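Asker: Below are the sequence and a predicted model for it; my questions follow.
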Number of protein chains: 2
Amino acid sequence: MTALRADAQRNLGRILEAASDAYAELGPDVTIDEIARRAGVGHGTVCRRFPTKDALRAAVIRARLDELLARARELIEKPDAGAALEEFVWTAAESARRDRALFEGIEQCSSFADVAAAKQELHETVNGLIRRAQQAGAVRDGLDARDVGALVGAAIQASVHAERGDVWRRYVQVVLDGLRA
Amino acid sequence: MTALRADAQRNLGRILEAASDAYAELGPDVTIDEIARRAGVGHGTVCRRFPTKDALRAAVIRARLDELLARARELIEKPDAGAALEEFVWTAAESARRDRALFEGIEQCSSFADVAAAKQELHETVNGLIRRAQQAGAVRDGLDARDVGALVGAAIQASVHAERGDVWRRYVQVVLDGLRA
DNA sequence: CTCCAACCGGACCGGGCAGTCCGCTTTGTG
DNA sequence: CACAAAGCGGACTGCCCGGTCCGGTTGGAG
């Protein structure tokens, strides 16, 4: 696999960005045409770069997972375990808000080995955050990274149809309060 | 509009039940053919009774809303306001669990006047439950029926991909705890 | 500057699904 | 029982969308 030509590289970036925006705005069922239109690129170009619609979604999801993993690794150093987890939850919430497809579609994209691996790694790291917070008495027992991810994703999903733009913060706060010991 | 013939009545019932099951099992994107198959009825029969796929979904949603409204009206008589709201939340959760489409699809089905009206009425009644619970100090301020509905629906949605069958109870419990004052 | 390989984009194809239509069957009433 | 109206169901239609292909274009190495 040789390096992409400059224009191809540029288009690839545009496609990923457009796809991310489109997923956030229109949900996981956006058509390839819509994404191509937003990227200012032909339908065919998208399909050539990503052999399947799911492959595109997987690529977008993977980017988000990598961002979250980096953040989780920073936070695991933080002395206050409860605050660290809380901060991670807020970051994850913003990420989910930016791209609803992240949590909605992650299950079927797990068939892509790299996404599954990234998810696994993220879960292990976040489990570390959770375990520390539990030992500090800040979070109830019997929860793991999967649960927290699902609940945060759900809170964001719940706020999609709200009129006011900051409703999601209140919902995430409800979930955070519910997680406490 | 004269009464339906006996066989038509029977088929109508089967269709609604099959649709409800199918939505619960396969999500809101089930095909009409699948619903017809489950109801043991021809594709055409479904389409004749419900001129549009959305009309069918709206009918199913309306049935659920009516059930919930009846329950809410019972509970508003209950002396312990906090317990009444809590019980309603569990009922709503079970309803959402039985038919995920209820909360996922309710927005676009609001264009059907009867669904919108049923939703409105339910919201007003549930707002009564919430207000009483808030006055009793059992629930935090700044929440209305829409928020509670969204959060409960989200908790159920979040548990869809879990392996263990009782995960949804834990998630609903998290939300309930988060709602407290 | 030349040239070719990489790349682009839109025309095209095929499958799947919502909704329509009509010839046949069932209901129930007189 | 007879018969008209109501209902049934599956064949048919048109549309939408994901994925392919190829003639034309562009980048960048030499």
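Answerer: Thanks, I have the structure now. In this text, all values refer to a predicted model and were calculated from it rather than measured experimentally.

Asker: How about stretch A:150-163 and chain B, any contact?
Answerer: Yes - among the residues of stretch A:150-163, A:150-151, A:153-155, A:157-159, A:161-162 lie within reach of chain B under C-beta under 8 Å from any C-beta of the partner chain. Backbone N, C-alpha and C define where each C-beta goes, glycine included.

Asker: I'd like the average pLDDT over that stretch.
Answerer: What stretch A:150-163 shows for mean pLDDT is 87.

Asker: Please identify the helix or strand for the spatially closest residue to A:A81 that is not a sequence neighbour.
Answerer: Spatial nearest neighbour of A:A81, excluding adjacent residues (C-beta to C-beta, 6 or more residues apart in numbering or on different chains): A:R132 at 3.7 Å. When elements are assigned from DSSP states H and E, A:R132 belongs to helix A:113-135.

Asker: Show me the contact partners of the very next helix or strand once past that helix.
Answerer: Moving toward the C-terminus from helix A:113-135, the first helix or strand encountered (DSSP H and E) is helix A:145-158. By C-beta atoms under 8 Å, 6 or more residues apart in numbering or on different chains, the list of residues contacting helix A:145-158 from outside reads A:89, A:92-93, A:96-97, A:100, A:102-104, A:122-124, A:126-127, A:130, A:168, A:171-172, A:174-175, A:178-179, B:150-151, B:153-155, B:157-159, B:161-162, B:167, B:170-171, B:174.

Asker: which of the residues in helix A:145-158 are buried?
Answerer: Of the residues in helix A:145-158, A:145-158 count as buried by neighbour count, 16 or more other C-beta atoms under 10 Å in any protein chain shown.

Asker: So what angle separates the directions of it and helix A:113-135?
Answerer: Computed with axes from the mean of the first three to the mean of the last three C-alpha atoms, to 10 degrees, the direction of helix A:145-158 lies at 100 degrees from that of helix A:113-135.

Asker: coming back round to it: please, a ChimeraX command that selects the buried ones among the contacts of helix A:145-158?
Answerer: Buried residues within the contacts of helix A:145-158, as defined by 16+ other C-beta under 10 Å, are selected in ChimeraX through the command that follows:
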select /A:89,92,93,96,97,100,102,103,104,122,123,126,127,130,168,171,172,174,175,178,179 /B:150,151,153,154,155,157,158,159,167,170,171,174
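
Asker: and the residue nearest to A:A93 when sequence neighbours are not counted, which of the three is it?
Answerer: Beyond its immediate neighbours in the sequence, the residue positioned closest to A:A93 (C-beta to C-beta, 6+ apart) is A:V172, lying 4.7 Å away. Using DSSP: H, G, I helix; E, B strand; the rest coil, the structure places A:V172 in helix.

Asker: wait, isn't A:V172 in contact with A:W90?
Answerer: Yes - counting by C-beta atoms under 8 Å, A:V172 touches A:W90, with 6.9 Å between them.

Asker: Run through who's touching stretch A:84-93.
Answerer: Contacts to stretch A:84-93, defined as C-beta under 8 Å, 6+ apart, come from residues A:68, A:71-72, A:75-76, A:78, A:126, A:129-130, A:132-133, A:138-139, A:148-149, A:152, A:155-156, A:168, A:172, A:175-176.

Asker: Contact residues of chain A facing DNA strand D?
Answerer: Counting by C-beta under 7 Å from any atom of the strand, the positions of chain A adjacent to DNA strand D are A:5-7, A:29-33, A:43-44, A:47-48, A:51-54.

Asker: Show the buried residues in these.
Answerer: Buried subset of those (neighbour count, 16+ other C-beta under 10 Å): A:30, A:32, A:53-54.

Asker: Among those, name the ones in helices.
Answerer: With helices taken from DSSP state H, the overlap with those comprises A:32, A:53-54.

Asker: Neighbours of A:S20, how many?
Answerer: Other residues near A:S20 number 20, with proximity taken as other C-beta atoms under 10 Å in any protein chain shown.

Asker: quick one, what contacts it?
Answerer: Counting by C-beta under 8 Å, 6+ apart, A:S20 makes contact with A:60, A:63, A:98-99.

Asker: try 7 Å
Answerer: Contacts for A:S20 were tallied using C-beta atoms under 7 Å, 6 or more residues apart in numbering or on different chains; they are A:60, A:99.

Asker: how about it, secondary structure?
Answerer: helix.

Asker: so where is chain A shaky, pLDDT-wise?
Answerer: Under the criterion of pLDDT under 70, the regions of chain A flagged as low confidence span A:1, A:101-103.
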